[in-house]
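In: quick one: sequence and predicted model below, then my questions.
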Amino acid sequence: MNHGVGAFIAGCSGPSLTPTERAFFARTRPFGFILFARNIDEPEQVRSLTRDLRQAVGRKAPILIDQEGGRVQRLRPPHWRPWAPALDQIAVAGPAHAARSMYLRARLIAFELSMLGIDVDCAPVADIARPETHDILKNRCYGTEPKSVIACARATAEGLLEGGVLPVIKHIPGHGRATADSHLHLPRVKANWTALEVTDFAVFQALAGMPMAMTAHVVYDAIDPDLPATISPRAIAMIRRGIGFGGFLMSDDVSMKALSGTIAERSRASIQAGCDAVLHCNGDMAEMEEVAEASGTLTGAAADRAARALARRRPPQPIDVTAVATELYGLLEKAAHG
């Protein structure tokens, strides 16, 4: 019997837990869970699922979701609001109102999540959009230069935190220069250290006080030309010391094709490189068994960082949903026609 908390975040296969999943989670006790569209039907079903996940591990485990907006939103109409891609909303709002619009959007997203028992959103995307940024990421970004990305990412994180939801900044140390889709291929960034330091890294430095971050499955020639950041001890050391991120660091999904080797090898390499937890998303039981075995349990500094991150969960602050929505849509409409 595993008495520690597993150093991994797991998905599940459908809208309710199977007996096999329930027993597996009770035995391996993952740090947290992540939900996808396959797990979402209607509000009461999601509430029931989040309750069952926590009941399986016997604690208020964090439950994550990717609710960015645009292509990446697991909660959709008719039960939840639709959202434009972040870059599109920011373009409509304009420089004067972009950050405010993202804060209001995050408050509404956090309200919807907290009503379901979901308390972590894998946002903001703090990557910088560039002409060469792959389409899988580009309109999920918040801008094309550090200052505006920092402002909008910070506003998003604050909106989520006020709504009782922990933000996860991604994809540290910066995915914007990648020209390949890391779901399918391993991107390589050839920019030199100086260029990265004043752009991509600078955004994450400004957000280094956030509770959680997700790594990039990207090779940076300037950091480690041999290994993607997720499994590179040199890259993780740079994230900790160079960028100064002291929060809870999770890998991006280890089942993505950017990483090579078995699921167990990828998981073990992520932990050995310095990630605090392995993220595994697809809910495949055979793979989850490998992840649980290879990741081990949260101990030492990783356990401390996990506890500090979860200590920043707060009950949602009161919100007048109608007033917030009215302000947001009014702001965007005025900006569009202004």
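Out: In hand now; what should we look at? Numbering: from 1, shown residues only.

In: separation between residue 338 and residue 92?
Out: In this view, residue 338 and residue 92 are 10 Å apart by C-beta to C-beta, to the nearest Å. C-beta here means a position set from N, CA and C on the backbone, and glycine is covered the same way.

In: give me the more crowded residue out of those two.
Out: residue 92 (16 against 8; other C-beta atoms under 10 Å).

In: where's the more buried one, which helix or strand?
Out: Taking DSSP states H and E as the criterion, residue 92 maps to helix 86-93.

In: quick check: closest non-adjacent residue to residue 167.
Out: Using C-beta to C-beta, 6 or more residues apart in numbering and skipping the chain neighbours, the partner closest in space to residue 167 is residue 157 (4.0 Å).

In: next SSE after the helix or strand where the one you found lies?
Out: According to DSSP H and E, residue 157 maps onto helix 146-162. Note on helix 146-162: by DSSP H and E, the next helix or strand toward the C-terminus is strand 166-172.

In: strands of the chain, start to end?
Out: 6-10, 30-35, 63-65, 67-69, 72-73, 120-121, 166-172, 188-189, 212-215, 219-220, 248-253, 277-279 (DSSP state E).

In: retrieve the pLDDT associated with the residue nearest in space to the middle of the chain.
Out: Residue closest to the average C-alpha location in the chain (C-alpha atoms, centre = their mean): residue 122, at 2.5 Å. What the model reports for residue 122 is a pLDDT of 98.

In: do the same with residue 213
Out: 98.

In: so it sits against residue 229, correct?
Out: No. The pair residue 213 / residue 229 is not scored as a contact, 11.2 Å apart, by C-beta atoms under 8 Å.

In: overlap in contacts, these two.
Out: Counting by C-beta atoms under 8 Å, 6 or more residues apart in numbering, the residues touching both residue 213 and residue 229 are 172, 239.

In: skipping its backbone neighbours, what lies nearest residue 66 in space?
Out: residue 122 (4.6 Å).

In: residues in contact with the closest residue to residue 188 other than its chain neighbours?
Out: Spatial nearest neighbour of residue 188, excluding adjacent residues (C-beta to C-beta, 6+ apart): residue 219 at 4.5 Å. By C-beta under 8 Å, 6+ apart, the contact list for residue 219 reads 186, 187, 188, 189, 225, 226, 227, 228, 229.

In: could you rerun that using 10 Å?
Out: 178, 186-190, 225-229, 232, 235, 258 (C-beta atoms under 10 Å, 6 or more residues apart in numbering).

In: mind checking which of those residues are buried?
Out: 178, 186, 187, 189, 227, 228, 229, 232, 235, 258 (16 or more other C-beta atoms under 10 Å).

In: tell me which of the residues you listed is nearest to residue 329?
Out: residue 178 (33.2 Å; C-beta to C-beta).

In: which ones are touching the closest one?
Out: Residues in contact with residue 178, defined by C-beta under 10 Å, 6+ apart, are 127, 130, 132-134, 136-137, 171, 185-189, 216-220, 258.

In: list the ones among those that fall in helices.
Out: Judged by DSSP state H, helices contain none of the contacts of residue 178.

In: just the buried residues of stretch 4-14, please?
Out: Those would be 5, 6, 7, 8, 9, 10, 11, 12, 13, for stretch 4-14 by 16+ other C-beta under 10 Å.

In: output those residues in a markdown table; the columns should cover distance to residue 78 and pLDDT.
Out: Shown next, in a markdown table, are the buried residues of stretch 4-14 (distance: C-beta to C-beta, whole Å; pLDDT from 0 to 100):
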| residue | distance to residue 78 | pLDDT |
| --- | --- | --- |
| 5 | 37 | 98 |
| 6 | 36 | 98 |
| 7 | 38 | 98 |
| 8 | 33 | 98 |
| 9 | 29 | 98 |
| 10 | 28 | 98 |
| 11 | 24 | 98 |
| 12 | 23 | 98 |
| 13 | 24 | 98 |
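
In: how about those residues in JSON lines, adding distance to residue 22?
Out: Converted to JSON lines, the buried residues of stretch 4-14 look like this (distance: C-beta to C-beta, whole Å):
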{"residue": "5", "distance to residue 22": "17"}
{"residue": "6", "distance to residue 22": "15"}
{"residue": "7", "distance to residue 22": "20"}
{"residue": "8", "distance to residue 22": "17"}
{"residue": "9", "distance to residue 22": "17"}
{"residue": "10", "distance to residue 22": "12"}
{"residue": "11", "distance to residue 22": "14"}
{"residue": "12", "distance to residue 22": "9"}
{"residue": "13", "distance to residue 22": "12"}
